[in-house]
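Undergrad: Can you look at this prediction? I've put the sequence above it.
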Amino acid sequence: MAETDKMNRMKELVRILSEASRAYYMEDREIMSNFEYDKLYDELLALEKETGVVLSDSPTQKVGYEVVSSLPKEPHPSPMLSLDKTKEVDTLVSWLGDHEGVLSWKLDGLTVVLTYEDGVLSKAVTRGNGEIGEVITPNARTFRNIPKTIPVKSRFTIRGEAIIFYSDFEKLNATIADAEAKYKNPRNLCSGSVRALNSQVTAERAVHFFAFSMVDPEEPELLEKIGGTIRERFGFLRSIGFDTVDYKMVTAETLPEAVKWFSDAIVSNDFPSDGLVLSYNDIAYGRSLGRTAKFPRDSIAFKWQDEEAVTTLLDVEWSPSRTGLINPVAIFEPVDLEGTVVQRASVHNISILKELALGKGDQIKVYKANMIIPQISENLTRSGALVIPDICPACGQPTIIKNENDTETLNCPNPDCPAKDLKRFSLFVSRNAMNIDGISEATLERFLDQGFLKQLSDLYHLDRYKDEIVQMDKLGEKSYSNLIDSVEASRSANLANLIYALGIPNVGLSNAKLIVKHFDQEPKACFEAPYEELCEIDGIGAVIAESYVAFFADEGHRAELDSLLPELTLVKEESSLPQDLAGKTFVITGSLETYPNRDALKKEIEDRGGKVAGSVSAKTSYLINNDITSTSGKNKKAKELGVPIITEADYIAGNL
């Protein structure tokens, strides 16, 4: 490569890597995988060594993110440097030599410095750009696992990583109905949560802190008591209430086995990690080695060496999503990676597909990003013969190619494309529908994107994709087993729940129950209910009846229902409760004390023959609100219309 070409390539790499860093650190989003970033970073580093030129804005000379938010800023007493890194275990062994080392997780969150004064947390600052951080003290006080007070009276400073567990991440995403609004990964969510301008946001996000180092305390006696090794300092931190990163003591001989232990543990970890950190246990020795302009010499980071395999590309499957985006998924000859069989990998978009120059029959290299997500790293034959479809595989309508931020994607503009129906699957599995527990909207979207789900009955055949599902990020064998158990349990269903689960416009669970009750829980009669008869049911008006009849008149809907019914056993619901609430309509508002939730009270009212509406009207018999004196809109409306307001206790006592 000519010198001018090298310089041009270096400038291009600086631009690409800087954009990726800005997106990751400042905008809490990812525009490339860690594997891709590391590959480009290493290429830039090699060119800098080869040419002897380092551009002023090179990412190899920067640490962390630029501080541009409106949080207060504060310089660190000493720079917070990043670590040199390697992907070779042999390099770790050589680096450690005949010294004792501490091998620990490299957590993937946001680095935070905590300072205690007189035993109380007085300040918390993010790493920022290594020189200047953001003051997030009110937010840090809401971290779930840090002690409020510690038995150290002098200034005491520790460094650690703020993270959000995968399980807490999934719980939060499960509460967000709109898939577009869901958070992409725990690291991005944690970064935004820790740096939020309102500490209540941080408190709601279940942020945890894990210490990985401490600044020498000012008291000489305390410093002597703690000791001069990392192991002793971890022990002290734990003794005063802090959680530290998990670690193993290693020597050059035991290091490879310890690395393997950590790599085996990744699959079952509930926390995000992007590698390991190896440090000299003897702190004084590590400090005596000094530092480079960017790296300290007392520690080194280990990034997982992604295991690669060569295989043959069989096809690219185009998988439509609910947003209209049609994702290319590579299908290749099965290969064994990290102990599991892999045969599919997302290609993400047209730009990456073109960059890889993919074509059927090409010899490709595949790997698992962070030992979990299958990816294509290289195309060895680069035929570029793949044809981008001009019609949507889901609806048969013409596709369009969009170009946003220099990234090309294939899209379906058809608003009625069935692939956009994630909400339909989400409703089907919800508690008041088929109650398939443990399958969040985020998981459904992944299944849809991978092509596992095309119609509702496919939910009952997810066992066909066991190998792929257990390898998905944050799933695994246990989650798969729980999911299948929940799917099997849902095969026994009430007809009203099924009708609600189908997602008929304007038909809620209460309406479905009224219809099912009218037709004596007979499926055929319910599915073929005539418009006129539906209108005669109290509570089912012309709009609902029209939507209901139109739904079952649609050939596509009937075909899907026909494929679904053989998977289910419809159970007639028999109520032992007296029908003493027949003809009465209730509205429930406010918090409850006896019933676990409104759905439980609603079900009992309906089982006793009553109806539950969402808003107060002239047809409302009673408004149930434990706060009778409330000035809420529903209370005001009830008083205006003369609707009795009763408490939960009144309802239970029968004071109607």
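TA: Arrived safely, thanks for sending.
Undergrad: Now do the contacts for Leu223.
TA: 216-217 (C-beta atoms under 8 Å, 6 or more residues apart in numbering). In short, each C-beta sits where N, CA and C put it, glycine included.
Undergrad: if I look at it, how far off is Ala553?
TA: Applying C-beta to C-beta, to the nearest Å, the value for Leu223 to Ala553 is 81 Å.
Undergrad: Same question for Glu308.
TA: Per C-beta to C-beta, Glu308 is found 54 Å from Ala553.
Undergrad: Looking at these two now, which is surrounded by more residues?
TA: Counted by other C-beta atoms under 10 Å, Glu308 and Ala553 do not tie: Glu308 has more neighbours, with 16 against 10.
Undergrad: Contact partners for the more buried one?
TA: 365-367, 377.
Undergrad: how near is it to Tyr41?
TA: 18 Å.
Undergrad: which stretches of the stretch 1-150 of the chain aren't confidently modelled?
TA: In the predicted model of the stretch 1-150 of the chain, residues 22-31, 33-35, 56-57, 61-70 satisfy pLDDT under 70.
Undergrad: Which parts of it are strands?
TA: 73-75, 85-86, 101-107, 110-117, 120-126, 132-134 (DSSP state E, counting those that start in this stretch).
Undergrad: The stretch 551-656 of the chain now?
TA: Using DSSP E, counting those that start in this stretch, strands in the stretch 551-656 of the chain cover 569-570, 585-588, 611-613, 622-624, 645-646.
Undergrad: Mind checking these for the one nearest to Ala203?
TA: strand 585-588 (28.7 Å; C-beta to C-beta).
Undergrad: Check which helices and strands that closest one sits against.
TA: Applying 3 or more C-beta pairs under 8 Å, 6 or more residues apart in numbering; DSSP states H and E, we find strand 585-588 packed against helix 598-607, strand 611-613, strand 622-624.
Undergrad: Same list, the ones you listed, but as CSV with distance to Leu55, mean neighbour count and mean pLDDT please.
TA: CSV is the format used below for those (distance: least, C-beta to C-beta, whole Å; neighbours: other C-beta atoms under 10 Å; pLDDT from 0 to 100):
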stretch, distance to Leu55, mean neighbour count, mean pLDDT
helix 598-607, 61, 17, 83
strand 611-613, 67, 20, 84
strand 622-624, 69, 23, 93
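Undergrad: got these as JSON lines, with distance to Glu317 columns?
TA: Output for those, formatted as JSON lines (distance: least, C-beta to C-beta, whole Å):
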{"stretch": "helix 598-607", "distance to Glu317": "39"}
{"stretch": "strand 611-613", "distance to Glu317": "45"}
{"stretch": "strand 622-624", "distance to Glu317": "52"}
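Undergrad: so which of those gets nearest Val347?
TA: Proximity to Val347, assessed across these by C-beta to C-beta, is greatest for helix 598-607 (42.2 Å).
Undergrad: Packing partners of that closest one?
TA: helix 509-518, strand 585-588, strand 611-613.
Undergrad: Which of those sits closest to Leu325?
TA: Among the helices and strands packed on helix 598-607, helix 509-518 sits nearest to Leu325 (C-beta to C-beta), with 31.6 Å.
Undergrad: tell me the mean pLDDT for that closest one?
TA: Averaged across helix 509-518, the pLDDT comes to 85.
Undergrad: How about it, which residues are buried there?
TA: Across helix 509-518, burial judged by 16 or more other C-beta atoms under 10 Å covers 509-518.
Undergrad: and what of stretch 476-494?
TA: 479-480, 483-484, 486-487, 490, 493-494.
Undergrad: With stretch 234-242 instead?
TA: Residues of stretch 234-242 classed as buried under the neighbour-count rule (16+ other C-beta under 10 Å) are 234, 236-237, 242.
Undergrad: tell me the average confidence for it?
TA: Averaged across stretch 234-242, the pLDDT comes to 91.
Undergrad: closest one to Thr60 among the strands of the stretch 1-150 of the chain?
TA: Closest to Thr60 of the strands of the stretch 1-150 of the chain is strand 85-86 (C-beta to C-beta; 11.7 Å).
Undergrad: Parallel or antiparallel, which strands does that closest one pair with?
TA: strand 299-302 (parallel) (DSSP bridges).
Undergrad: Following the chain onward from the strand it pairs with, which element is next?
TA: The C-terminal neighbour of strand 299-302 among helices and strands, as given by DSSP states H and E, is strand 308-320.
Undergrad: What is the distance between stretch 41-48 and the centre of its chain?
TA: Computed by C-alpha atoms, centre = their mean, to the nearest Å, the chain-centroid distance of stretch 41-48 equals 32 Å.
Undergrad: cool, and stretch 426-444?
TA: Taking C-alpha atoms, centre = their mean, one finds stretch 426-444 lying 16 Å from the centre of the chain it belongs to.
Undergrad: That stretch: end-to-end distance?
TA: Start-to-end span of stretch 426-444 (C-alpha to C-alpha, to the nearest Å) is 7 Å.
Undergrad: what's it in contact with?
TA: With C-beta under 8 Å, 6+ apart as the test, stretch 426-444 has contacts from 170, 173-174, 176-177, 179, 182, 422, 425, 453, 456, 459, 475, 479, 482-483, 486-487, 489-490, 493, 497-498, 500-503, 509, 599.
Undergrad: how about 6 Å then?
TA: 173-174, 179, 182, 425, 456, 482-483, 486-487, 490, 497, 500-501, 503, 509 (C-beta atoms under 6 Å, 6 or more residues apart in numbering).
Undergrad: From Asp274, how far out is the residue nearest the centre of the chain?
TA: Nearest to the geometric centre of the chain sits Asn185, at 4.6 Å (C-alpha atoms, centre = their mean). In this view, Asn185 and Asp274 are 11 Å apart by C-beta to C-beta.
Undergrad: Verify the contact between Glu573 and Ala496 for me.
TA: No. The pair Glu573 / Ala496 is not scored as a contact, 7.2 Å apart, by C-beta atoms under 6 Å.
Undergrad: neighbour count winner among those two?
TA: The residue with more neighbours, out of Glu573 and Ala496, is Ala496; 23 against 14, by other C-beta under 10 Å.
Undergrad: Do I have it right that the more buried one meets Lys513?
TA: Yes. With contacts counted by C-beta under 6 Å, Ala496 reaches Lys513, the gap being 4.5 Å.
Undergrad: Check the offset of stretch 408-418 from the chain's centre.
TA: Remark: stretch 408-418 is offset 24 Å from the chain centroid, using C-alpha atoms, centre = their mean.
Undergrad: same thing with stretch 556-570?
TA: 31 Å.
Undergrad: which other residues reach it?
TA: 455-457, 460, 491-493, 495, 523, 551.
Undergrad: let's go with 8 Å and repeat that
TA: So stretch 556-570 is in contact with 418, 455-457, 460, 491-495, 498, 502, 523, 527, 551-552, going by C-beta under 8 Å, 6+ apart.
Undergrad: Stretch 530-542 now?
TA: With contacts defined as C-beta under 8 Å, 6+ apart, stretch 530-542 is touched by 510-511, 514-515, 518, 544-546, 548-549, 611.
Undergrad: hmm, try it at 7 Å
TA: The contact list for stretch 530-542, computed with C-beta atoms under 7 Å, 6 or more residues apart in numbering, reads 511, 514-515, 518, 545-546, 548-549, 611.
Undergrad: Pull out the buried residues from it.
TA: So for stretch 530-542, counting by 16+ other C-beta under 10 Å, buried means 534, 537, 540.
Undergrad: Repeat that for stretch 420-439.
TA: Neighbour-count burial for stretch 420-439 [16+ other C-beta under 10 Å]: 420-422, 424-430, 432-434, 436, 438-439.
Undergrad: of all those residues, which two lie farthest apart?
TA: Using C-beta to C-beta, the buried residues of stretch 420-439 reach their maximum pairwise distance at Lys420 and Gly438, which is 24.1 Å.
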